[in-house]
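Trainee: Let's see this in three dimensions:
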Amino acid sequence: MNTTLIPMTSITYAMKAKKLLNSRGVYCEIQRTPSGLSSGCGYSIRVKDLSLALSLLEKNNMPHKPLDR
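Mentor: Residues are numbered from 1 along each chain as shown. Purely as a prediction, here's the structure:
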């Protein structure tokens, strides 16, 4: 299973993002952000379809941290 982490700005937005994405049939789980990734609230969402997830987050004004690539 190929997944990507999207760091979130708060645990509240991580929970809202999970609810939004799961309601649209997009796999999403909340997990602690590994210490080597960007700073923020300490929580990320793990997704399978990165482009769809980012599109839905942006369309719904769901703030998240930029991805470190």
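
Trainee: what are the phi and psi values for Thr33?
Mentor: Main-chain dihedrals, Thr33, degrees, to the nearest 10: phi -70, psi 130.

Trainee: Which stretches in this protein count as helices?
Mentor: 11-23, 50-59 (DSSP state H).

Trainee: Quick check: beta-bridge partners of the most centrally placed residue in the chain?
Mentor: In the chain, the residue lying closest to the centroid (CA atoms, centre = their mean) is Ile45, at 3.3 Å. For Ile45, the beta-bridge partners under DSSP bridges are Ile6, Ile30.

Trainee: Out of the helices of the chain, flag the one nearest Lys65.
Mentor: helix 11-23 (10.2 Å; CB to CB). Just so you know, the C-beta spots here come from the backbone N, C-alpha and C atoms, and that holds for glycine as well.

Trainee: any idea of the mean pLDDT in the closest one?
Mentor: The predicted model gives helix 11-23 an average pLDDT of 96.

Trainee: Show me which residues of stretch 46-62 are buried.
Mentor: Within stretch 46-62, the residues that count as buried by 16 or more other CB atoms under 10 Å are Arg46, Val47, Asp49, Ala53, Leu54, Leu56, Leu57, Met62.
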